[in-house]
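> sequence first, then the predicted structure:
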Amino acid sequence: MPFIPHTPQEVEEMLAVVGVRSLDELFADIPPQMRSRRFKLPRGQSEAAVCAFFEDMAAADKTDLVSFLGAGYYAHNIPKAVDAIVGRSEFYTAYTPYQAECSQGTLQAIFEFQTAVSRLLEMDCANASVYDGGTAMFEAAMMAVRSTRRHTLVVDEAVNPIWRGMLTTYCAGLAVNIKTVPQRKGLSDKQALCAALDRDCAAVIVQNPNFFGFIEDYTSVFAKAGELKAFGIISVYPVMQAVLKTPGEMNAAVAVAEGQSLGQPLNFGGPYLGLMACKKEHIRQFPGRIVGRATDLDGKTGYVLTLQAREQHIRRAKATSNICSNQALCALRALVHMSLLGPEGLARQAEHNMHLTRQAVKQLTALKGVELLNNAPYGNEVALCLPEPAEQIVNALIAKGFAAGLPVGRYYPDMENILLLACTEVNRAEHIAMLAGAMGGLL
Amino acid sequence: MKTIFAESVPGRGSRFIESDAPTAAQMLPGELLRAKPPRLPECSELDVVRHFTGLSSLNYSVDANFYPLGSCTMKYNPKFTEYVAGLPGFARLHPLLAQLGQGASQTQGALRCLYDAEMLLREITGMEAFTFQPMAGANGEFTGVSLMAAYHRSKGRKRGRMLIPDSAHGTNPASAALAGLEIVNVESRDGMVAPEALAAHMAEYGDDVVGLMMTCPNTLGLMETHLPEIVETLRKTDALLYYDGANMNAVLGKMRVGDAGFDVVHLNLHKTFATPHGGGGPGSGPVGVSARLEPFLPGPRVAVRRDGSFYLNNNLPQSIGSIGPFYGSFAVVVKALAYMLRLGGEGLERVAEYAVLNANYLKKRLEDVLDIPFARLCAHEFVASAPQGLRALDIAKALLDRGFHAPTIYFPLIVKECLMAEPTETESKQTLDAYVEALKETVALGKNNPEALTMAPRRTPVRRLDETAAARRMTLTDDME
Amino acid sequence: MSHFPTDILYSKTHEWMRREGDEAVIGISFFAQEALGDVTYVETPQEGDTLAAGEEFGSVESVKAASELISPVSGTVVAVNAVLDNAPETLNSAPYGEGWIARVKLSAEPAGLMDAAAYEAHCAAEKH
């Protein structure tokens, strides 16, 4: 059998030691009426045959489309050194570092990840990651709910609707009330956000750049939240964060992010990575794993899982979260990626992509009836008004070899002509000209 | 080792992007920009590679060490699954591409993988349908609990309590609490759920019970022999039965949770289906349900048309909503599917047989070394107590010096000085024998010279760390000194 | 110093209270801190919080355990021991002295508490 080393003779010896006559006898404790009624699975295949099957499946996916899809998840070039390092099985075949003495590699990497995330976001500390940007947002909201003992969340409608949808699902069984403040032409209505805040609010949740790609400063919103002892929670895009005003500078209480753009392949939806960072005073409310620096018996520096009394294996029903794992390998990818790029690399990536997006905007808005949703500052993603429903245009462009972006009407019913388009370094300048040409032919 | 930040030399740029783009300050108003660049490492590629290669050498791992961490199923992770999951046709696929254009025609390969994986898990578990959205086991628990609550709501019932055995993983009560439920602790007797305790709780809370979360075999490595009665007791008030699949490796092909009467199951693909644990993740926690819970599954769901093509079904009016952003940890699901296809039905059934054989063999051989509380056959893992006068912690640390990862210690909480070992089916008799010898040596050393044991480990990259000081002082980043 | 001082009263959940006029000082017992091990964090109530006897008013953490604090008295918190913020280990070294947790202005006469002898017997039974 693949991956089972036992020889028939060894099986006999082992059964004799155990004191049973057959392998099946080992399952005598399963009540007879509970035994499987059937188990009709295909026969096993050779490794080569299985690989061939997946090669066919992968070939059936159209990854050769010229794509401008983003919506919080971006195609980026990842240095090959990330794969080389993360492909070391000393990392990927270890588990959660319960035995610190033989897990210093994983532990120090997480500590460094926490440092990198804290510095990128200019927050005091970060945790070892959660599943993704959506769960990070929910966990941040729960930190606020527990800490303030209040049950209303004020959420900007310009926050990614995918994450807002998750927030709604996760809060369904809880006594948490979500107040959504409508966006205005793709921008946050900061006055309305402030007006929605009161002493029953646990937190206000915003995103920068927002779902439509526009960039704002939320300092005033967080100041208002602070006056009312509510949390200011912000979700950011890590690449743009290399240049944008930070959550720390805006005085957010908790900052979160979808970490996919830091070295994670798109992978058709996962695994991804949720970044979470907060001010020091909120650290006891953090969900999940946290690594701290320690010294050993000889005074040598090492790292341990710390603040574990918050967690489910100790506090059970009263834990800060049910999360047990973190996305350790994804966090390692993000750390290696940030280390390879450095501050200069990450900032240039942001700038290059912003520049490409400006070129796209210039060429596309030159088409008849195409204009920006708003003249506000934007990053590497932006919402464009088309003269026809975006869904139709996008569908027609698929046939011409383009994934032109995301029609946002599915999330915002009165915005069916709006197309969300992102550029990254995988797009070449001629792609943009080709898209403009193809779209021009349709309008 | 120094941190990567200590290796940083200002001005050592990476030139990751060769670009003529203007600077951010030329494109955006200054008040929207950060005052200072992020203090990320400034290193050469060699600096980075050398640093992380150095870190990797400080880890024990399945590829280098026997790793009998109970409840974690640290089996060998076949290498070819890394290859298939990394194929560019999967790795470069944007999840939203499946939601553009006509009928998901751009992503037929990926959708077929999800569909095939669901079909196989259905047959393996006897459940009616699966969702892959949950991103880990605990996330699957939350999903399952939410589905149970949705079922009762759809019947017009307001139920608020979840029964959970005292031997359960901490995630069970934490997940149920996260879904807004109150926890009722069910006491165990002889390592199993005590039927009379269950009956008493059902009598007290009756119509307020959402269901019971069972781990089976339980965290003591024992099969619940009262299962049929338990199922019957719950059915009386239409309370639902949740199967925590953490220990599925023990029953593959032998018991199907659907046949056994369970309504919900979560599986840990990183345990039973051999996807790597990654130092703590990513995992994947697909959830399977019986027919009556299917309408509540998260969406979208992969479905097949009459012509054999696949599409995403969003027409799910009773769905609880979205648990993850898209279709789950797709790359992990691909690895698990590759493993299932390689092993086939026979191979999967052998997995359970040899996992249980290895655990029982190890348990038997350790009977005169450790205190084994339950004399019965165990499933894929077993619990033992450190012998009189010795601490589980010290034994665990001494094993590290002998090149073995330690078993799980101090869990389950109901066994004193607990060492819980799960050898898995991929380990050979020779490895198990070597582990037995190491444990014998360790216990003998501890009995003769208890001091020596408390000083272990000595051969690991660091010795015992002061966790108390670390928790009091809290240095969580390089900037918090 | 005795592990069961006689000038205070104890609760079944191992908190103590020392009566001082219409106020009471509260903390956790030697037995409780010993069971927890090295204390790493004390979540204290805030001045002005209302406590109810038998209800949670904070928590204590060690590396491997967490325990809720159950108030032995009812009343309003008038002072909190700030020492515990930076030196939680004081709870281990002086549970009845410098490791006090809060001072409470009583709103009701404390009831159902044990004297030192009864509490010592309670601990002995629990250890068993």
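It's in.

> please enumerate the helices of chain A.
A:8-18, A:47-59, A:80-86, A:89-92, A:104-121, A:133-148, A:161-171, A:190-196, A:219-227, A:238-241, A:312-315, A:328-365, A:390-399, A:429-442 (DSSP state H).

> I'd like those helices laid out as JSON lines, including mean pLDDT and distance to chain C.
The way it works is simple: take the backbone N, C-alpha and C, and place the C-beta from them, glycine included. Listed next are these as JSON lines, based on pLDDT from 0 to 100; distance: least, C-beta to the nearest C-beta, whole Å:
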{"stretch": "helix A:8-18", "mean pLDDT": "98", "distance to chain C": "34"}
{"stretch": "helix A:47-59", "mean pLDDT": "98", "distance to chain C": "43"}
{"stretch": "helix A:80-86", "mean pLDDT": "97", "distance to chain C": "30"}
{"stretch": "helix A:89-92", "mean pLDDT": "98", "distance to chain C": "26"}
{"stretch": "helix A:104-121", "mean pLDDT": "98", "distance to chain C": "15"}
{"stretch": "helix A:133-148", "mean pLDDT": "97", "distance to chain C": "11"}
{"stretch": "helix A:161-171", "mean pLDDT": "98", "distance to chain C": "24"}
{"stretch": "helix A:190-196", "mean pLDDT": "98", "distance to chain C": "27"}
{"stretch": "helix A:219-227", "mean pLDDT": "98", "distance to chain C": "18"}
{"stretch": "helix A:238-241", "mean pLDDT": "98", "distance to chain C": "31"}
{"stretch": "helix A:312-315", "mean pLDDT": "84", "distance to chain C": "5"}
{"stretch": "helix A:328-365", "mean pLDDT": "98", "distance to chain C": "21"}
{"stretch": "helix A:390-399", "mean pLDDT": "95", "distance to chain C": "51"}
{"stretch": "helix A:429-442", "mean pLDDT": "96", "distance to chain C": "54"}
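
> what's the most buried one of those helices?
helix A:104-121 (a mean of 28; mean count of other C-beta atoms under 10 Å in any protein chain shown).

> which strands and helices sit next to that helix?
If contacts are counted by 3 or more C-beta pairs under 8 Å, 6 or more residues apart in numbering or on different chains; DSSP states H and E, helix A:104-121 sits against helix A:89-92, strand A:125-126, helix A:238-241, strand A:274-278, strand A:291-295, strand A:301-305, helix A:328-365, helix B:45-56.

> just the CA trace of it, in PDB.
Only the C-alpha atoms of helix A:104-121 are listed here, as PDB (Å, rounded to 0.1, in the frame of the first residue of the first chain):
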ATOM      1  CA  GLN A 104      12.300  27.600  17.200                       C
ATOM      2  CA  GLY A 105      12.300  27.900  13.500                       C
ATOM      3  CA  THR A 106       8.500  28.200  13.300                       C
ATOM      4  CA  LEU A 107       8.400  30.300  16.500                       C
ATOM      5  CA  GLN A 108      11.000  32.800  15.500                       C
ATOM      6  CA  ALA A 109       9.500  33.100  12.000                       C
ATOM      7  CA  ILE A 110       6.100  34.000  13.600                       C
ATOM      8  CA  PHE A 111       7.800  36.500  15.900                       C
ATOM      9  CA  GLU A 112       9.400  38.100  12.900                       C
ATOM     10  CA  PHE A 113       6.100  38.000  11.000                       C
ATOM     11  CA  GLN A 114       4.400  39.800  14.000                       C
ATOM     12  CA  THR A 115       7.100  42.400  13.900                       C
ATOM     13  CA  ALA A 116       6.800  42.900  10.100                       C
ATOM     14  CA  VAL A 117       3.100  43.300  10.300                       C
ATOM     15  CA  SER A 118       3.300  45.700  13.200                       C
ATOM     16  CA  ARG A 119       5.800  47.800  11.300                       C
ATOM     17  CA  LEU A 120       3.900  47.800   8.100                       C
ATOM     18  CA  LEU A 121       0.700  48.900   9.800                       C
END
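
> circling back to that earlier point, out of the helices and strands packed on helix A:104-121, which is closest to B:S146?
strand A:274-278 (19.0 Å; C-beta to C-beta).

> next, the angle from that closest one to helix A:104-121.
Angle of strand A:274-278 versus helix A:104-121, following axes from the mean of the first three to the mean of the last three C-alpha atoms, to 10 degrees, is 70 degrees.

> just checking, what packs against strand A:274-278?
helix A:104-121, strand A:125-126, helix A:133-148, strand A:254-258.

> give me that answer again for 10 Å
helix A:104-121, strand A:125-126, helix A:133-148, strand A:231-236, strand A:254-258, helix A:328-365 (3 or more C-beta pairs under 10 Å, 6 or more residues apart in numbering or on different chains; DSSP states H and E).

> quick one: the third one to chain centroid distance?
Once both centres are worked out by C-alpha atoms, centre = their mean, to the nearest Å, helix A:133-148 turns out to sit 15 Å from its chain's centre.

> tell me the contacts of the residue lying closest to A:G133 once chain neighbours are set aside?
Excluding the flanking residues, the one nearest A:G133 by C-beta to C-beta, 6 or more residues apart in numbering or on different chains is A:E258, at 2.7 Å. Counting by C-beta atoms under 10 Å, 6 or more residues apart in numbering or on different chains, A:E258 touches A:72-74, A:132-137, A:160, A:162-163, A:235-238, A:264, A:272-275, B:325.

> how about low-confidence regions in chain C?
For chain C, applying pLDDT under 70 flags the ranges C:1, C:128.

> which pLDDT value goes with the spatially most central residue of chain A?
Centroid-nearest residue in chain A, with C-alpha atoms, centre = their mean: A:E258, separated by 2.8 Å. pLDDT for A:E258: 98.

> I'd assumed B:T81 was in contact with B:K335.
Yes: at 3.9 Å, B:K335 counts as touching B:T81 under the criterion of C-beta atoms under 10 Å.

> need the residues touching each of those two.
The contact lists of B:K335 and B:T81 share A:F54, B:F273, B:A274, B:T275, B:P276, where a contact means C-beta under 10 Å, 6+ apart.

> ok, and the most crowded of those?
Counting neighbours by other C-beta atoms under 10 Å in any protein chain shown, the top entry in the shared contacts of B:K335 and B:T81 is B:F273, with 32 neighbours.

> helix, strand or coil: sort out the residue nearest the centre of chain C for me.
Residue closest to the mean C-alpha point of chain C, counted by C-alpha atoms, centre = their mean, is C:G27 at 2.2 Å. With DSSP: H, G, I helix; E, B strand; the rest coil as the basis, the three-state label of C:G27 is strand.

> tally of neighbours for A:K280?
Neighbours of A:K280 (other C-beta under 10 Å): 12.

> next one: the nearest residue to it once chain neighbours are set aside from B:T475, what distance?
Nearest non-adjacent residue to A:K280, counting by C-beta to C-beta, 6+ apart: A:D124, 4.1 Å away. Using C-beta to C-beta, to the nearest Å, A:D124 is found at 12 Å from B:T475.

> same thing with B:T3?
From B:T3 to B:T475 the distance is 11 Å (C-beta to C-beta).

> before we move on, back to that, the residue nearest to the centre of chain C against C:L9, yeah?
No: C:G27 is beyond contact range of C:L9, at 11.8 Å (criterion: C-beta under 10 Å).

> what's the burial count for the closest residue to chain C within chain A?
In chain A, the residue that lies nearest chain C is A:A309 (3.7 Å; C-beta to the nearest C-beta). Close neighbours of A:A309, defined as other C-beta under 10 Å, add up to 24.
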